[in-house]
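J.: below are the sequence and a predicted model for it; my questions follow.
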Amino acid sequence: MSLIRELHRQLTQKERSAVEITQGYLAHIETLEPQLRSFLTITADHALAKAQQVDQQIAAGEAIGLLAGIPIALKDNLCTQGVQTTCASKVLEGFIPPYESTVTERLATAGTICLGKTNMDEFAMGSSTENSAYQVTANPWDIARVPGGSSGGSAAAVAADECPIALGSDTGGSIRQPAAFCGVVGLKPTYGLVSRYGLVAYASSLDQIGPLTRTVEDAAIVLGAIAGHDPKDSTSLNVDIPDYTHTLKPGLDCKGRKIGIIQETFGDGLDPVVDAAVKTAIAQLESLGAEVQTLSCPQFRYGVPTYYIIAPSEASSNLARYDGVKYGLRANNDSLMDMYTKTRATGFGAEVKRRIMIGTYALSAGYYDAYYLKAQKVRTLIKQDFEKAFESVDVLLCPTTPTTAFKTGEKVNDPLSMYLSDLMTIPVNLAGLPSLSLPCGFDQAGLPIGLQLIGNVLQEQTLLEVAYAYEQATPWHTQTPHL
Amino acid sequence: MTAAAPAKTQYEAVIGLETHCQLSTETKIFSASSTVFGADPNTHIDPVVMGMPGVLPVLNQQVLEYAVKAGLALNCEIAPYSKFDRKQYFYPDLPKNYQISQFDLPIAEHGSLEIELVDKKTKAVTRKRIGITRLHMEEDAGKLVHGGSTLSGSTYSLVDFNRAGVPLIEIVSEPDLRSGQEAAEYAQELRRIVRYLGVSDGNMQEGSLRCDVNISVRPVGREQFGTKVEIKNMNSFSAIQKAIEYEIERQIAAVEAGEPIYQETRLWEEGNQRTISMRLKEGSSDYRYFPEPDLPPIEVSVEQREAWRAALPELPAQKRHRYETDMGLSAYDARVLADDRTIAEYFDATVGVGADPKLAANWITQDIAAYLNNEKLTIDQIGLKPEMLAEMVQLISKSTINNKVGKEMLPELLTQGGSPAAIVEAQGLSQISDPEQIAAIIDEVLAANPDELAKYRAGKKKLQGFFVGQIMKLTNGRVDPKLTNQLLLPKLNAEP
């Protein structure tokens, strides 16, 4: 059952007011935050004031939309007018945007109530949320483990029921990987379907905003509210947005759906428990009527090296603006060069600096052709692999991550092993495709396992339908962590 | 006599210009802030101009139109597929620490423009084609104001971002220029073209048009270029010319003295009329260009390109050629008329309603131009409209009035306008062209001045002018001057 629909029912049948619902979540946040640390900023006053407005609408007998009065948490790289937006970086400490991102503006118009801003890896660079300059977020299923990243705060908050829905951003898996680690649904839309205006850029050609929710239908509802052309984002697509929920009805099966299993994602490095859970899921999809075939995406394995040229290259440029001149941190200085170097040396964390250096190097004269240009060519090959695959199937399937959530601190000194935790998700961003992760089981330690479905360009509807059918046939989404 | 000195080496300069030209759009290249010059610091800014986190550029479509039109006017090939790139360097006037520019796929390439060189003494005009390497779009940076009285002594700097994001086109010439005069002419023709197009005001004092010069010298006949020096900070066309002339002499003197020429950037000091070294260029800067991921590639369809081409006005070079070839004007007059689009259009309109082109050109380039200059007016602000000038020119052509009467009527026409024919009629200004009437007037004047006549006849021939003056005075200058002289001479020289 969609959590949004359940809350909407409570509101419209006047079982609970928006203020009561909001207070409930705020109280839950207050209880859990000492252990979880998912939020960087909590906007309680703002949330309650907004909830009151919704209650007034209900009291006045006005019809309210599905999202009116629904609390939401926002990843802290989404600019919120008047509310501090840090990207979990010291360099943006105290930065209060004078403008609102398009997605949050659309959600606010739809009546959602922002509870606060969630923790993340600094500038969305990381896979564990340990790269936050402020705090380490715990995985609600085992607080000694990471929630994944970079949208770890949003995933943990949804999993722990600190909020019913949240937004994250996904550049190489930053929505889907934490969704898998925290046992929630995470959707990365087609590149360009959702406006990036107001999303603090990490890698502009890969970044997409998407929902983290408890159920597939909730993801469909939120997607419908945030998707659509935005004249402020020149890379946003001018396409009609359907009601993504209209086909998500009980009894939906997978008859006639052609599902392709990406052969390269199984084998070495894949946790046997994950392997088994995903294979069970495949069997379930077959029993739901799907026609399953195994196919090869030979370039899939070049995703990680390609990504780690393109994303840092764009990041090195996107992050050049944090120089102490205009906003955010400015280090004490005796000269311009001092101000630049000290501001950036103290403002950025180790992983951000590492990626700025990699990107600066890859774009330098004499290396550009060997690195950036070559990576762009491989990116095209990866895209072509997917195009070819979608000639014979509707949806591609693979694990979201090779393992379940790892222990906090386990990989912080081993960036390469950390990078490899995104190897299943990265190629999807390089190809600009929509993709969704949803729970498909638990390992021996009770940690969630994620199943990744990948759709063709703008085939969010297909993706949501297959995911919905699977979700309805399995119990995983009904389980919650014990905190 | 000393022994013959060895033949002196002749040098030539090789010069190319990089010109930045601000486009006169109302709003900035990637956001809606105003581009108006001279506002209070940091008032024409917004989150996009300031490069704030998360904001995105959106291309002002007028910028593309203006750039394509400029490219077409410079005879360039317009790229059907072009893109923006990021040029990266840290500087406080550059909000994002990268400039959105165009690198390997500029909007226009491979063009040319025609310059004219006027001989100061003979006014003879020679023409030369200068190649245009490329034209691309980019955003301007902000402006730094340094605290304290000198740059080296300043303890802080202030940044004004009003100029940041103002649209620019950068136009790069081939190294086809050989002298300061050619370079100044090139810059002026470029300004003429952008003004004709209405895509820029080309104001050098306000920085709308900024030229950087690349210059080297080499012995005549050598193919290899000398070491290139860049000169900046010229605020006028004459400064461009003088800076280059100074630099050519400096470089030749250095070569002759066996001193090295450094690859460097030099500043033109207007006060001291010299260039000084600003900074050495150690290798080429690495701007780490890469394609701008926030902006999709730019596609210009053939239909769009041709629609913009069809909307181009007649350009200065086309006008000059037409004035010279079709209208028989001198190259010099053609050049003066075509210098300013409004004047050229005024001239075209005057000729269009039947005025003789040469007479019309004379009036416009002399009396009217002097008036505009004195009164600081533009030609569309005066009372004398093209059809009125045409009417007056026609009265002169038909000898209804003479030139002198025309000049006398002009002040009133310039300020208030009116019909010259009506004025002639009302004030009885029409020319006296009847030989008998003129002969009678001559007789009257001769009779009234017997002493002068006697002196003339005694050999003081200069007195002819006196008699002409007396006749003009008597008739308010209305007599036909040619006929008067024809009739006067035999009467003066007649035996008494």
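T.: On my side now, so go ahead. Residues are numbered from 1 along each chain as shown, chains lettered A, B, ... in the order given.

J.: who does the residue in the stretch 101-250 of chain B positioned nearest to chain A bridge with?
T.: Per CB to the nearest CB, the residue of the stretch 101-250 of chain B with the smallest distance to chain A is residue B:159, at 6.9 Å. Any C-beta I mention is one placed from the backbone N, CA and C, and that applies to glycine too. Applying DSSP bridges to residue B:159 gives these bridge partners: residue B:144.

J.: so it makes contact with residue B:91?
T.: No: when contacts are counted by CB atoms under 8 Å, residue B:159 is not listed as touching residue B:91 (9.9 Å).

J.: who has more neighbours out of the two?
T.: Counted by other CB atoms under 10 Å in any protein chain shown, residue B:159 and residue B:91 do not tie: residue B:159 has more neighbours, with 19 against 16.

J.: can you name the residues that contact the more buried one?
T.: Contacts for residue B:159 (CB atoms under 8 Å, 6 or more residues apart in numbering or on different chains) come out as A:325, B:42, B:92, B:93, B:142, B:143, B:144, B:145.

J.: the residue lying closest to residue B:364 once chain neighbours are set aside sits in which helix or strand?
T.: Nearest residue to residue B:364, sequence neighbours excluded (CB to CB, 6 or more residues apart in numbering or on different chains): residue B:347, at 5.5 Å. Counting by DSSP states H and E, the element that carries residue B:347 is helix B:341-352.

J.: show me what the helix or strand just after that helix is packed up against.
T.: Using DSSP H and E, the next helix or strand after helix B:341-352 towards the C-terminus is helix B:357-363. In terms of contacts (3 or more CB pairs under 8 Å, 6 or more residues apart in numbering or on different chains; DSSP states H and E), helix B:357-363 is packed against helix B:331-338, helix B:341-352, helix B:386-397.

J.: for residue A:217, find the nearest of those helices.
T.: Across the helices and strands packed on helix B:357-363, residue A:217 has its closest neighbour in helix B:341-352 (64.5 Å, CB to CB).

J.: how close does the closest residue to residue A:298 other than its chain neighbours sit to residue A:394?
T.: Distance criterion CB to CB, 6+ apart; nearest residue to residue A:298, sequence neighbours excluded, is residue A:385 at 6.5 Å. Distance of residue A:385 to residue A:394, given as CB to CB, to the nearest Å: 16 Å.

J.: among the helices and strands packed on helix B:357-363, which is nearest residue B:188?
T.: Nearest to residue B:188, of those and by CB to CB, is helix B:331-338 at 10.6 Å.

J.: give the rounded mean pLDDT of the closest one.
T.: In this model, helix B:331-338 carries a mean pLDDT of 94.

J.: quick check: angle from it to helix B:341-352?
T.: Orientation note: helix B:331-338 sits at an angle of 110 degrees relative to helix B:341-352 (axes from the mean of the first three to the mean of the last three CA atoms, to 10 degrees).

J.: quick revisit: in TSV: the helices and strands packed on helix B:357-363, plus distance to residue A:11 and mean neighbour count.
T.: Listed next are the helices and strands packed on helix B:357-363 as TSV, based on distance: least, CB to CB, whole Å; neighbours: other CB atoms under 10 Å in any protein chain shown:
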stretch	distance to residue A:11	mean neighbour count
helix B:331-338	74	22
helix B:341-352	66	20
helix B:386-397	74	21
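
J.: output the set of residues of chain B in proximity to chain A.
T.: Within chain B, the positions adjacent to chain A are B:47, B:50-59, B:86, B:88, B:90, B:92, B:95-98, B:157, B:159, B:284, B:286, B:288-290, B:293-296 by CB under 8 Å from any CB of the partner chain.

J.: now for the chain, the helix or strand with the poorest mean pLDDT.
T.: Let's take chain A. Across the helices and strands of chain A, the lowest-confidence element by mean pLDDT, DSSP states H and E is helix A:415-420, at a mean of 84.

J.: if you could check chain B rather than the one you did, that'd help
T.: Result, chain B / mean pLDDT, DSSP H and E: helix B:420-427, a mean of 85.

J.: list the contacts of that helix.
T.: For helix B:420-427, the surrounding residues in contact (CB under 8 Å, 6+ apart) are B:388, B:391-392, B:395, B:400-401, B:405-406, B:409, B:412-413, B:429-430.

J.: got phi/psi on residue 39?
T.: Assuming you mean chain A. Here is the backbone geometry of residue A:39 (degrees, to the nearest 10): phi -100, psi 140.

J.: looking at chain B here, not the other one
T.: phi -80, psi 170.

J.: same deal with residue B:418?
T.: Main-chain dihedrals, residue B:418, degrees, to the nearest 10: phi 130, psi 170.

J.: do you know how far it is from chain A?
T.: The gap separating residue B:418 from chain A is 53 Å, by CB to the nearest CB, to the nearest Å.

J.: residues near that residue, how many?
T.: By the measure other CB under 10 Å, the count of residues near residue B:418 is 17.

J.: for residue A:206, same thing?
T.: For residue A:206, using other CB under 10 Å, the count is 26.

J.: got the contact list for residue B:217?
T.: B:11, B:12, B:13, B:14, B:226, B:248, B:251, B:252, B:255, B:261.

J.: farthest-separated two in the residues you listed?
T.: Largest separation among the contacts of residue B:217 by CB to CB: B:12 and B:261, giving 14.7 Å.

J.: hang on, the earlier thing: now the contacts of residue B:217 in TSV, with secondary structure and distance to residue B:307?
T.: Putting the contacts of residue B:217 into TSV (DSSP: H, G, I helix; E, B strand; the rest coil; distance: CB to CB, whole Å) gives the following:
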residue	secondary structure	distance to residue B:307
B:11	strand	48
B:12	strand	43
B:13	strand	41
B:14	strand	39
B:226	coil	45
B:248	helix	44
B:251	helix	47
B:252	helix	50
B:255	helix	51
B:261	coil	48
